[in-house]
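Peer 1: Structure of the sequence below:
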Amino acid sequence: MSKPDSGHFHGANGKGGGSTSPLFNNGHVTYESIEAHREEFMGKTVEQIAELLSQNGYKFNIRPSKNREKTGSTAQIIEITNASKDRNIKQVQVSPDGSSRHGNVPYVKISTSNESKIKVIDGTPEKYIPGDNEKARLIFWRDSE
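Peer 2: Here you go, the predicted model:
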């Protein structure tokens, strides 16, 4: 595969998951399913992740991060508009460049109604700088460099 364009994460195969993705169980994700299938988020644009959500029954709006003007964030937010007992993802934040406060490591943060926040980080624990009040459960793409 060629080098990803701007807006992509690095190190993934670029294949989509579609509705056959083992990540979802009847519209729901768990920490364990995300950990086992983290490749569904790494190497993907916000549009590719939105398509995966769409194929699994989610409706949404995509918007830039509210921190764009203040911090220069390139993050994009997928706001779920049909969250219900049938779908547990409430929002997905796609941060393709990471942020300086997190060590410039790209990540995807998935907010759910029952699993709290889960970050899939395109890097290692050594490169990622957690925030002072980091509440998300962290999943790293790689254990070490």
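
Peer 1: State the phi and psi torsions of Arg137.
Peer 2: Main-chain dihedrals, Arg137, degrees, to the nearest 10: phi -80, psi 130.

Peer 1: can you check Glu40 too?
Peer 2: phi -70, psi -20.

Peer 1: Surely it is in contact with Leu52?
Peer 2: Yes. Here Glu40 reaches Leu52: they are 6.4 Å apart, a contact under Cβ atoms under 8 Å. (C-beta placed from N, C-alpha, C; glycine too.)

Peer 1: Compare these two and say which one has the larger neighbour count.
Peer 2: Taking other Cβ atoms under 10 Å, Glu40 and Leu52 do not tie; Glu40 has more neighbours (25 against 21).

Peer 1: can you pull the pLDDT of the more buried one?
Peer 2: Glu40 carries a pLDDT value of 92.

Peer 1: residues contacting it?
Peer 2: Contact analysis of Glu40 by Cβ atoms under 8 Å, 6 or more residues apart in numbering lists Gly17, Ser21, Leu23, Ile34, Ile49, Leu52.

Peer 1: so where does the residue nearest to the spatial centre of the chain fall, helix or strand?
Peer 2: Among the residues of the chain, the one closest to the centroid is Val108, at 2.5 Å (Cα atoms, centre = their mean). For Val108, the host element (DSSP states H and E) is strand 107-112.

Peer 1: Need the contact partners of that strand.
Peer 2: 9, 29, 34, 41-42, 44, 49, 88-95, 98, 117-123, 128, 136.

Peer 1: I'd like to know which of those are buried.
Peer 2: Applying 16 or more other Cβ atoms under 10 Å to the contacts of strand 107-112, the neighbour count classes 9, 29, 34, 41-42, 44, 49, 88-89, 92-95, 98, 117-123, 128, 136 as buried.

Peer 1: Could you tell me which of these are located in strands?
Peer 2: Counted as lying in strands by DSSP state E, out of those, are Ile89, Val92, Gln93, Val94, Ser95, Lys117, Ile118, Lys119, Val120, Ile121.
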